[in-house]
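[1] Compute the structure for the input listed below.
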Amino acid sequence: ALGSRRKKVAHDTDAVYKSMKRVFISLLTMTCFSMPVFPQQYTIHKTDRTKELQIDNYSNSSVDAPVGGYCTIKMSKSNMNYHDLYYIVDTTATITARIYLCGVPRFYGGKVAVARVQSGEEYRNYNGEIIKATQSEYVLINTKGEILKTMMDATEASKWFVDGAILISGRDANYRSYLILIDSDFKPINPKQLVTPYNIHDPIQQGVDVSLFPLRNGLRKYFYYDGWNVKYGFINKNGDIIIKPQYLSIHDFSDGLAAFKENVDGTDYWGYIDTTANVVIPLKFRKEPGNFYNGFAVAYKQNGKRVYIDKLGNVKSPEYDAATRFFEGYAIVKQSNSNYFVIDTTFNNVREFNANGKITYNYYDKSFKMNDKLYYPDGTVKLDLSGGTLITDFVEDAAFYKCKDFSGLINTKGEVLFYFVESEF
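    Purely as a prediction, here's the structure:
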């Protein structure tokens, strides 16, 4: 009987052990799969794909981050017309052109860029023919430095293509200023829009910003200048006026809404409109609010605090001393007598964050830079840059970087794409 009871106890103990083992394995599995997997952190390093780029006196040059796979390197020497020497280089360290230009060209889609040439300069066109510019003019060039098209009557042009278009300012036969959108073939997107009905005024000379605005939610900011006042509205990608110029100031559309400013009885107020110009949030903000991202925008209260509002204008968060816009579901905030924290869209703290500098967002790579580090949206470090200095920001996936060992181009994973060297003699 005693032996039978001992066997039963052993059996029960074994059963309990096996049961506990199954529970433990189950809990361990659940924990492993539910634990957040933090992204990889990178450091600056060379790879077997890293190239050398030989350019003498590169230390005296200035560089521009790659756009469309091509970057420009401006040398500190000019020709007799005071135009600067530019090298056009791709991210594999191949020099595709060496050309004298006025202004930094950025290549839209890795194909074309707008540039300005000086009268008397000789250039090569796409047929390989040497041509001489007869006047100072804006031209469309390819990555080989060949001139594709000219815009002889343009007096000003936006520096580079934005969402497939550039903005040209010119004069008509009556010397009235006009604006026109041009595509990457230098073909007009819209009819010429007269912005100055009086030939004694010019919007650029009067300090009006004629830079090309981005295409957001299918609409691009647009203005009309009558010589004294500027009013803003919106056009579509074809240049058609969708919302006529009527606002004192307006933001680009974001999350389907745009902040606009009007003056009411001598006081400026801000509200929000949708893409059909309907007022969604009425004029009630005295200080300029932020754009909507991930469904929320930062608004400023009279007491100096920041809050997040929803698309109906309702306050949805606590008050903060500092607050950034949301980026990929995260924002950085600071409350009174506390440190900075990364929060999510439920306004819960995700982690403490050492915020002590300007934030630069990289939409291409979905990261942001502050001081000497590149971060993932949730505030974890992606790339440590503390061993050197970024010469340019990350416009797309690459930026120029300088440290004690080299100066060259790196990507957001810290890989050195190429570095500068000089000839031995």
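[2] CA atoms only: put stretch 221-233 into PDB for me.
    Only the C-alpha atoms of stretch 221-233 are listed here, as PDB (Å, rounded to 0.1, in the frame of the first residue of the first chain):
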ATOM      1  CA  LYS A 221       0.100  76.900 -52.600                       C
ATOM      2  CA  TYR A 222      -0.300  79.800 -55.000                       C
ATOM      3  CA  PHE A 223      -0.400  83.600 -54.600                       C
ATOM      4  CA  TYR A 224      -1.600  86.800 -56.300                       C
ATOM      5  CA  TYR A 225       0.300  90.000 -55.900                       C
ATOM      6  CA  ASP A 226      -1.300  93.300 -56.900                       C
ATOM      7  CA  GLY A 227       1.700  95.500 -56.100                       C
ATOM      8  CA  TRP A 228       0.700  96.200 -52.600                       C
ATOM      9  CA  ASN A 229      -0.800  93.000 -51.100                       C
ATOM     10  CA  VAL A 230      -0.400  89.300 -51.400                       C
ATOM     11  CA  LYS A 231      -3.300  86.800 -51.200                       C
ATOM     12  CA  TYR A 232      -2.800  83.000 -51.100                       C
ATOM     13  CA  GLY A 233      -4.800  80.200 -52.600                       C
END
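[3] How far off centre is it?
    Stretch 221-233 has its C-alpha centroid displaced from the chain centroid by 25 Å (CA atoms, centre = their mean, to the nearest Å).
[4] Equivalent analysis for stretch 92-101, please.
    Centre to centre, stretch against its chain (CA atoms, centre = their mean), the figure for stretch 92-101 is 24 Å.
[5] What residues sit buried inside it?
    Residues of stretch 92-101 classed as buried under the neighbour-count rule (16 or more other CB atoms under 10 Å) are 93, 97, 99-101. All C-beta atoms are positioned from the backbone trio N, CA, C, and that covers glycine.
[6] Dump the residues you listed into TSV; add pLDDT as well.
    Formatted as TSV, the buried residues of stretch 92-101 follow (pLDDT from 0 to 100):
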residue	pLDDT
Ala93	95
Ala97	89
Ile99	83
Tyr100	80
Leu101	79
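[7] State the pair within those residues that is farthest apart.
    Using CB to CB, those reach their maximum pairwise distance at Ala93 and Tyr100, which is 21.9 Å.
[8] returning to that earlier point: columns distance to Glu422 on top of the buried residues of stretch 92-101, output as JSON lines?
    As requested, the buried residues of stretch 92-101 are arranged in JSON lines below (distance: CB to CB, whole Å):
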{"residue": "Ala93", "distance to Glu422": "14"}
{"residue": "Ala97", "distance to Glu422": "20"}
{"residue": "Ile99", "distance to Glu422": "21"}
{"residue": "Tyr100", "distance to Glu422": "22"}
{"residue": "Leu101", "distance to Glu422": "23"}
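[9] Show me which of those residues is closest to Phe353.
    Sorting the buried residues of stretch 92-101 by distance to Phe353 puts Ala93 at the head of the list, at 36.5 Å, by CB to CB.
[10] I figured the closest one hits Arg49, correct?
    No - taking contacts as CB atoms under 8 Å, Ala93 lies outside contact range of Arg49: 10.2 Å.
[11] tell me the strands in the stretch 51-200 of the chain, going along the chain?
    62-67, 70-78, 84-90, 95-101, 112-117, 122-124, 130-132, 137-142, 147-151, 154-157, 166-171, 177-182, 193-194 (DSSP state E, counting those that start in this stretch).
[12] deepest of those, which one?
    Comparing the strands of the stretch 51-200 of the chain by mean neighbour count (mean count of other CB atoms under 10 Å), strand 112-117 ranks first with a mean of 25.
[13] quick one: that one to strand 95-101, angle?
    Between strand 112-117 and strand 95-101, the angle formed by their directions is 30 degrees, by axes from the mean of the first three to the mean of the last three CA atoms, to 10 degrees.
[14] Can you tell me what sits against strand 112-117?
    The set of residues that contact strand 112-117 without belonging to it, under CB atoms under 8 Å, 6 or more residues apart in numbering, is 83, 101-103, 105-107, 123, 133, 136-142, 147-148, 157-161, 166, 184.
[15] where does the stretch 1-150 of the chain have low pLDDT?
    Scanning the stretch 1-150 of the chain for pLDDT under 70 picks out 1-38, 76-82, 118-136.
[16] so Ile73 makes contact with Ile55?
    Yes - with contact defined as CB under 8 Å, Ile73 reaches Ile55; the gap is 6.6 Å.
[17] okay, and the common contacts of those two?
    Taking CB under 8 Å, 6+ apart as the contact rule, Ile73 and Ile55 both touch 61, 87.
[18] Now Gly271. Nearest residue, chain neighbours left out?
    Nearest-residue entry for Gly271: Leu283, 4.1 Å, with adjacent residues in sequence omitted and distances by CB to CB, 6 or more residues apart in numbering.
[19] how far away is the one you found from Tyr308?
    With the distance defined as CB to CB, to the nearest Å, Leu283 ends up 19 Å from Tyr308.
[20] Quick check on these two: which one has the bigger neighbour count.
    With other CB atoms under 10 Å as the criterion, Leu283 and Tyr308 differ in neighbour count, and Tyr308 comes out ahead with 26 against 17.
[21] Go ahead and confirm the more buried one touches Tyr300.
    No - look at Tyr308 against Tyr300 with CB under 8 Å: they stay out of range, at 11.4 Å.
[22] packing partners for the host helix or strand of the residue nearest to Gly271?
    Element membership for Leu283 (DSSP states H and E) is strand 279-285. Strand 279-285 sits against strand 267-273, with contacts defined as 3 or more CB pairs under 8 Å, 6 or more residues apart in numbering; DSSP states H and E.
[23] Report the angle between the strand holding Leu283 and strand 267-273.
    Per the same axes, to 10 degrees, the angle that strand 279-285 makes with strand 267-273 is 160 degrees.
[24] in its sheet, what does strand 279-285 sit against?
    Strand 279-285 pairs in its sheet with strand 267-273 (antiparallel), by DSSP bridges.
[25] Run through who's touching the partner strand.
    Strand 267-273 is contacted by residues 243, 248, 257-263, 279-289, 292, 311, 313 when judged by CB under 8 Å, 6+ apart.
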